[in-house]
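**Student:** pasting the structure only:
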């Protein structure tokens, strides 16, 4: 009867599932509105009657049940590590586990109460266990196996004492420290390995309690792991022998890390020994999870204390460093805000991460721990790759854009000039690498960075940002190229190579450079505003209206600009010319679209608006002439004087200092006019611009010397001297003395 009932139940369940999967979804959502068709029922009957079809259907049905179970388990919130629904249901799950832990604690308390109440009986059972001679002999055999294994381990340690000493002595340089350090770790672990291997062999030869064998094997394995870890830490830190230390830390920090490594290793040994031993007891099944969670709590507490201690030391050292830098460089110091932020907030992130890892272990949240583990490994790899890229980037910029030390000493400002925008490019590439790294880390931790970047809004923002950066790059390139060309065309080296820079270039190049820079900045600003979403049409219209209003309201300014353009393009005057503009005279310092600036001989600068210039005299247009009117006495021979002038002109033209400034030989125009006391002879030189006055002064100096040597008179006006007459009578006579040669009087 029971078989018949089970068969009918299974058949009913089978029919329900078949109908469920044969009907379409729309039909299944209705409550028995439509019934299956005759063909569907016939197909179902064929499946039931045919053994082969029935077996295949049962196999498919079992696979469907397993898939359904898997989907149900994924849908309950175990999707933290990358499920399709992407829902993080860890909070409800944690509360459920917390309630389970409370119930387990209650059960454990009840169990402990029962154990305490039954303690006398338990003591009697233990006593009865050891009273039996068979149990005592088996316990003695177990201890004998462990003792022999320990003796073998001690003998192996004594045999390896000399090789261990040689390995320690060989640790001198860094490569030898690494090589001999590995040998030292192996040699120190061999005795414990002997203990782990020899004990099971001895137990097979002399068997005793299996549970005792398991516990002692666990003890020996944990001792081996503990010794290897501590030996590795000793090789890396070497707290008592700094010269053998591999990690470059101070003695105090080495001792500090050694203490914390020993603390964590000892507690890990204690944790695994207790939990693994408890797992084989009768209480393990109901209370192992609670004991495991309670023993795990000291791990995050110890690590949190360690992180906070390290953070405190880092902050203290950073404050001392900043104070020292402030004393050495009281001004011009720029603080690294990113470094300060990392120094302040990394302990919070580290503490949160530590507790997150251990909470997943405490509550046995396998998916969560797997998620944290994979995300941590991925983050570490991403950080290492990012640091490598940043290091390679810095090294590339340092090698390819490095200025030789000798050149830097000779030209202190050259490095800043040559690498003016390289630092901006380097920082931009660094920011790009860091952003990519953060995006990858976000994807690793489940943040949909790629979906955000691929969205229309983010794509538009990125495209606009690229356009703005590209526009700024073109704008800066245009301005820098314009400035570089201007500096090159006006450079002194080019002037020495080509003898002279055109005064027109000196005047027009700065004006054109300013105009190009303003135009480029205006156009670039309009493009950037447009990319930022600002409607630039009103700005352009307003600029046109403002320009028109300024044109009507500032007619004088327009006149200045128009006159300035004619002066510039006609090249009436140039920078460096000596000219008379209006009623002012001096060296032209600048010719602009609005004003002309002159500096006179007294150093006074005169600013003359272009609209007021009605006359202009340029004394240095292409070349200059110096006109000289030379007066001689009526008794002198004019032809002789003309020959003297020609001789002096030829002598001055052949002079190394003044000759290059004289373009043509002295031109003696002849006797110009007769004056009251002198005959005037006119001559002139053709010189380079602005050199006429220097040539004229030198010619007069030499002419005076020659006239004095040859006795040629340079006449001067005669005057009658009246001594005056006092009221009381005539003035005393003026005494005149004539020397013996009769050449003069006094």
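**Tutor:** Now that the structure is in, tell me what you want to look at. A quick note: this is a predicted structure, and the numbers were derived from the prediction, not measured. Residues are numbered from 1 along each chain as shown.
**Student:** any idea how far residue 620 is from the residue nearest to residue 688 when sequence neighbours are not counted?
**Tutor:** In this structure, residue 688 finds its nearest non-sequential neighbour in residue 661, 5.0 Å apart by Cβ to Cβ, 6 or more residues apart in numbering. (Each C-beta comes from the backbone N, C-alpha and C, glycine too.) Shown here: residue 661 relative to residue 620, a distance of 12 Å by Cβ to Cβ, to the nearest Å.
**Student:** swap in residue 575?
**Tutor:** Distance, residue 575 to residue 620, using Cβ to Cβ: 11 Å.
**Student:** Strands along the chain, start to end?
**Tutor:** For the chain, the strands defined by DSSP state E occupy 578-581, 584-591, 595-599, 605-609, 616-618, 624-632, 662-674, 679-687.
**Student:** and residue 428, which of the ones you listed is closest to it?
**Tutor:** Evaluated over the strands of the chain, closeness to residue 428 peaks at strand 584-591, with 38.3 Å, by Cβ to Cβ.
**Student:** Starting from the closest one, tell me which strands it pairs with and how they run.
**Tutor:** Its sheet considered, strand 584-591 pairs with strand 578-581 (antiparallel), strand 595-599 (antiparallel) by DSSP bridges.
**Student:** ok, residues contacting that strand?
**Tutor:** By Cβ atoms under 8 Å, 6 or more residues apart in numbering, the list of residues contacting strand 584-591 from outside reads 507, 564, 567-568, 573-579, 596-601, 604-606, 608.
**Student:** Just the buried subset of those residues, written out for ChimeraX, thanks.
**Tutor:** Only the buried entries of the contacts of strand 584-591 go into this ChimeraX selection, using 16 or more other Cβ atoms under 10 Å:
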select :507,564,567,568,573,574,575,577,578,579,596,597,598,606,608
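**Student:** so how far is residue 637 from the closest residue to residue 633 other than its chain neighbours?
**Tutor:** Nearest non-adjacent residue to residue 633, counting by Cβ to Cβ, 6+ apart: residue 713, 3.7 Å away. Look at residue 713 and residue 637: by Cβ to Cβ, they are 11 Å apart.
**Student:** If you count surrounding residues, which of these two has more?
**Tutor:** Set residue 713 next to residue 637 and count neighbours by other Cβ atoms under 10 Å: residue 713 wins out with 14 against 11.
**Student:** Return the backbone torsion pair for the more buried one.
**Tutor:** The phi/psi pair for residue 713 (degrees, to the nearest 10) reads phi -80, psi 130.
**Student:** Next up, the contacts around it.
**Tutor:** 632-633, 635-636, 707.
**Student:** Out of the strands of the chain, flag the one nearest residue 136.
**Tutor:** Using Cβ to Cβ, the strands of the chain put strand 584-591 closest to residue 136, at 116.0 Å.
**Student:** And that closest one, what's buried?
**Tutor:** Buried residues in strand 584-591, counted by 16+ other Cβ under 10 Å: 586-588, 590-591.
**Student:** Need the residues you listed in JSON lines (columns: pLDDT and distance to residue 232).
**Tutor:** JSON lines is the format used below for the buried residues of strand 584-591 (pLDDT from 0 to 100; distance: Cβ to Cβ, whole Å):
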{"residue": "586", "pLDDT": "88", "distance to residue 232": "86"}
{"residue": "587", "pLDDT": "87", "distance to residue 232": "82"}
{"residue": "588", "pLDDT": "87", "distance to residue 232": "82"}
{"residue": "590", "pLDDT": "81", "distance to residue 232": "77"}
{"residue": "591", "pLDDT": "80", "distance to residue 232": "80"}
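**Student:** between the residues you listed, which is closest to residue 458?
**Tutor:** Looking across these and measuring by Cβ to Cβ, the closest to residue 458 is residue 590, at 51.6 Å.
**Student:** do you know how far that closest one is from residue 189?
**Tutor:** On the measure of Cβ to Cβ, residue 590 and residue 189 end up 86 Å apart.
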